[in-house]
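Peer 1: Give me the fold of what follows.
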Amino acid sequence: MTGLRILVVDDEPQIHRFLTAALEASGYVVLRAETGAAALHQIANAAPDLVVLDLGLPDMDGKEVLAKARNFTKVPVIILSAREREAEKIAALDLGADDYVEKPFAVGELLARMRAALRHKNSGELEKTRVESRGLVVDMDKRLVTKDGTSLKLTPREYDLLCVLAKNAGRVVTHSHILTAVWGPAHKEDTQYLRVFIGQLRAKIESGNSDKPFIQTETGIGYRFMLDA
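Peer 2: Sure thing, here's the model as predicted:
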């Protein structure tokens with residue numbers, strides 16, 4: 001039993017009933033809010049370990065809740081919403097959401113995304129300088145990348161790109177975030193440019209293993225570095 005506190009923010013009673021049962025069965029303590037104002041109060045005063053946030057709230061948009069919360073907390077936030085437009089997902093992720101799950105959803109997927117966000121929170125308390133997965137080692141202190149013990153020859157841009165993804169392992173990183181971090185704000189819209197570098201990086205780290213990619217494409221949004229894909 002985890003005992004971690006999960007705040008569910010949604011104005012649909014059936015979502016609360018369903019999620020409360022599922023989360024409590026997985027060992028979480030469930031907190032509840034039906035409005036943006038109530039959510040901000042709970043985040044500030046009840047110190048949840050993670051927030052599941054709907055975007056369509058009666059008093060304010062969920063993105064506004066997220067933006068206000070990010071002024072005072074780094075608590076992991078997973079957006080849970082019926083909005084399918086990529087622009088909505090990108091806006092929420094760029095505001096600081098850790099992930100995005102569409103309604104209708106499978107509870108198993110939501111729980112997996114929650115575990116990934118909580119792992120990232122715990123590992124992120126100290127800046128990651130070394131990431132290891134399935135034979136791939138990214139050692140940021142030594143600026144060294146190896147695969148199965150063999151050093152990989154990456155260009156400076158490829159290395160910087162890999163570091164941005166690896167530091168955010170398990171999370172969706174938007175195109176604009178990656179482009180700004182690696183190439184600067186002037187290139188934040190150059191998604192085709194990024195796609196070329198992602199292809200080059202994949203060719204060097206994947207070793208042709210398409211069944212278990214390290215870099216997963218989130219269509220129209222960005223990329224996710226998978227430690228245990």
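Peer 1: now the most far-flung residue of the chain relative to its centre: how far from L31?
Peer 2: Ranked by distance from the centre of the chain (CA atoms, centre = their mean), the top residue is T150, with 29.5 Å. Using CB to CB, to the nearest Å, T150 is found at 48 Å from L31. Where C-beta positions appear, they are placed from N, C-alpha and C, glycine not excepted.
Peer 1: Relative to A25, how far out is the residue sitting nearest the centre point of the chain?
Peer 2: For the chain, the residue nearest the mean C-alpha position is R171 (2.7 Å; CA atoms, centre = their mean). Applying CB to CB, one obtains 25 Å for the distance of R171 from A25.
Peer 1: Then R224?
Peer 2: Counting by CB to CB, the gap from R224 to A25 is 27 Å.
Peer 1: Strands of the protein, start to end?
Peer 2: 5-9, 29-33, 50-53, 77-81, 99-102, 130-133, 136-139, 144-147, 150-151, 172-174, 215-218, 222-225 (DSSP state E).
Peer 1: Ok, which of these comes nearest G199?
Peer 2: Closest approach to G199 among these (CB to CB): strand 215-218, 9.7 Å.
Peer 1: Strand partners (parallel or antiparallel) of that closest one?
Peer 2: Within its sheet, strand 215-218 is paired with strand 222-225 (antiparallel), according to DSSP bridges.
Peer 1: Which residue ranges make up the domains of the chain?
Peer 2: Per automatic domain parsing, the domain ranges recorded for the chain read 5-123, 130-225.
Peer 1: now the ones you listed as TSV including mean pLDDT?
Peer 2: Converted to TSV, these look like this (pLDDT from 0 to 100):
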stretch	mean pLDDT
domain 5-123	91
domain 130-225	89
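Peer 1: quick one: the helices in this structure?
Peer 2: Under the criterion DSSP state H, the chain contains helices at 13-25, 36-46, 62-69, 86-94, 107-123, 156-167, 175-183, 191-205.
Peer 1: Put together a markdown table for those helices, with mean neighbour count on each row.
Peer 2: As requested, those are exported to a markdown table (neighbours: other CB atoms under 10 Å):
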| stretch | mean neighbour count |
| --- | --- |
| helix 13-25 | 14 |
| helix 36-46 | 17 |
| helix 62-69 | 20 |
| helix 86-94 | 19 |
| helix 107-123 | 16 |
| helix 156-167 | 19 |
| helix 175-183 | 20 |
| helix 191-205 | 15 |
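Peer 1: Excluding chain neighbours, give the residue nearest to E88 in space.
Peer 2: Here the nearest residue to E88 in space, its sequence neighbours aside, is L55; by CB to CB, 6 or more residues apart in numbering that works out to 6.8 Å.
Peer 1: isn't the one you found right next to G62, touching?
Peer 2: Yes. Taking CB atoms under 8 Å as the contact criterion, L55 and G62 are neighbours in contact, 3.5 Å apart.
Peer 1: which neighbours do the two share?
Peer 2: Any residue near both L55 and G62 by CB atoms under 8 Å, 6 or more residues apart in numbering counts here, and that gives I79, S81, A92.
Peer 1: now the second one: how far from A47?
Peer 2: For S81, the distance to A47 equals 24 Å [CB to CB].
Peer 1: now the last one
Peer 2: To A47, A92 is 22 Å away according to CB to CB.
Peer 1: Likewise for E88?
Peer 2: 28 Å.
Peer 1: Then R130?
Peer 2: Distance, R130 to A47, by CB to CB: 30 Å.
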